[in-house]
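Undergrad: Dropping a prediction and its sequence here:
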Amino acid sequence: MTADLWGTDRQRQNEAYAASMAETVPGVPWDELVAHLADKDNHNRAIAAQLLCNHAAQDPTGRIIGADLDALVAVTWDERFVTARHCLQSLWKVGLGSDAARAAVVTALARRYRDSTSEKNGTLVRNDIVESLRKLHASMADPVIESTARELIDEEPDLKYRRKYARHWK
């Protein structure tokens with residue numbers, strides 16, 4: 001199945017992806033996923049990012065902290081915005097793995113939020129981050145997550161977007 005995951009036949013690739021995402025214990029090796037975060041094919045980068053987020057959600061050892069999290073966050077800056085967004089929308093799952101992973105992903109999301117102000121799709125990035133923090137908070141009920149999200153929302157200079165982001169927290 002992992003050969004299909006990185007293949008060029010999109011139907012087989014999508015089937016392998018769906019099967020991998022549905023598995024309770026992911027069958028794709030961690031190091032293989034990390035390696036594919038830099039794949040030349042943006043579809044493979046998106047798949048690797050989403051599966052790695054799922055892996056990290058089930059890893060109580062916090063293996064994601066450090067270089068692997070940095071590589072994952074780098075995908076949120078991908079040249080193909082759709083790839084960046086797929087990664088960004090899954091990144092919150094990393095925080096489900098351990099307390100240390102949760103703290104690391106909240107910090108990474110906050111930094112990514114603040115760094116997005118000058119990019120073309122910055123408002124979408126910031127919205128995805130606020131929504132991701134909400135999803136993580138809904139799963140973990142950590143007050144630090146909520147306070148971080150509200151702090152980020154308050155930093156938004158455009159009132160229209162500040163209101164939009166705040167809707168995730170009502």
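TA: Yep, it's here.

Undergrad: Show the pLDDT at the residue lying closest to residue 168 once chain neighbours are set aside.
TA: Once flanking residues are discounted, residue 168 sits nearest to residue 134: 4.4 Å by CB to CB, 6 or more residues apart in numbering. (Glycine included, C-beta is placed from N, CA and C.) The score at residue 134 is 97. That number is its pLDDT.

Undergrad: quick one, what contacts residue 122?
TA: Applying CB atoms under 8 Å, 6 or more residues apart in numbering, we find residue 122 in contact with residue 116.

Undergrad: Do you know the pLDDT at it?
TA: In this model, residue 122 is scored at 94, pLDDT.

Undergrad: what mean pLDDT does the helix or strand containing residue 160 have?
TA: Using DSSP states H and E, residue 160 sits in helix 159-166. For helix 159-166, mean pLDDT rounds to 96.

Undergrad: So in this structure, which helix runs the longest?
TA: The longest helix of the chain (DSSP state H) is helix 122-140.

Undergrad: thinking again about what came up before, tell me, how many residues neighbour the residue nearest to residue 168?
TA: For residue 134, the neighbour count with other CB atoms under 10 Å is 19.

Undergrad: my guess is it contacts residue 169, does it?
TA: Yes: Residue 134 is within contact range of residue 169, at 6.2 Å (criterion: CB atoms under 8 Å).

Undergrad: Flag the shaky bits of this structure, pLDDT-wise.
TA: The model of the chain has pLDDT under 70 over residues 1-6, 9-10, 12, 14, 16-27.

Undergrad: one step back: so what's the residue nearest to residue 168 up against?
TA: Residues in contact with residue 134, defined by CB under 8 Å, 6+ apart, are 149, 168-169.

Undergrad: Among the residues you listed, which one is most surrounded by other residues?
TA: Most neighbours among those, by other CB under 10 Å: residue 149, with 26 neighbours.

Undergrad: Check what contacts the helix or strand hosting that residue and list those residues.
TA: Assigned by DSSP H and E, residue 149 falls within helix 143-155. Defining contact as CB under 8 Å, 6+ apart, one finds that helix 143-155 is touched by 95, 102-103, 106, 109-110, 113-114, 126, 129-130, 133-134, 136-137, 162, 165-166, 168-169.

Undergrad: Could I have the buried ones of those residues as PyMOL selection syntax?
TA: Listed next is the PyMOL selection for buried residues among those, using 16 or more other CB atoms under 10 Å:
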select buried, resi 95+102+103+106+109+110+113+126+129+130+133+134+136+137+165+168
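
Undergrad: Just the C-alphas of stretch 29-43, formatted as CSV.
TA: Coordinates of the C-alpha atoms in stretch 29-43 are reproduced here as CSV (Å, rounded to 0.1, in the frame of the first residue of the first chain):
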residue,chain,number,x,y,z
PRO,A,29,6.9,4.6,8.7
TRP,A,30,7.5,7.9,10.4
ASP,A,31,10.9,8.5,8.6
GLU,A,32,9.3,7.9,5.2
LEU,A,33,6.7,10.5,5.9
VAL,A,34,9.3,13.0,7.1
ALA,A,35,11.3,12.4,3.9
HIS,A,36,8.2,13.0,1.7
LEU,A,37,7.6,16.4,3.2
ALA,A,38,10.3,17.6,0.7
ASP,A,39,9.0,15.5,-2.2
LYS,A,40,9.1,17.1,-5.6
ASP,A,41,5.4,16.3,-6.1
ASN,A,42,3.2,18.7,-4.1
HIS,A,43,0.5,16.1,-3.8
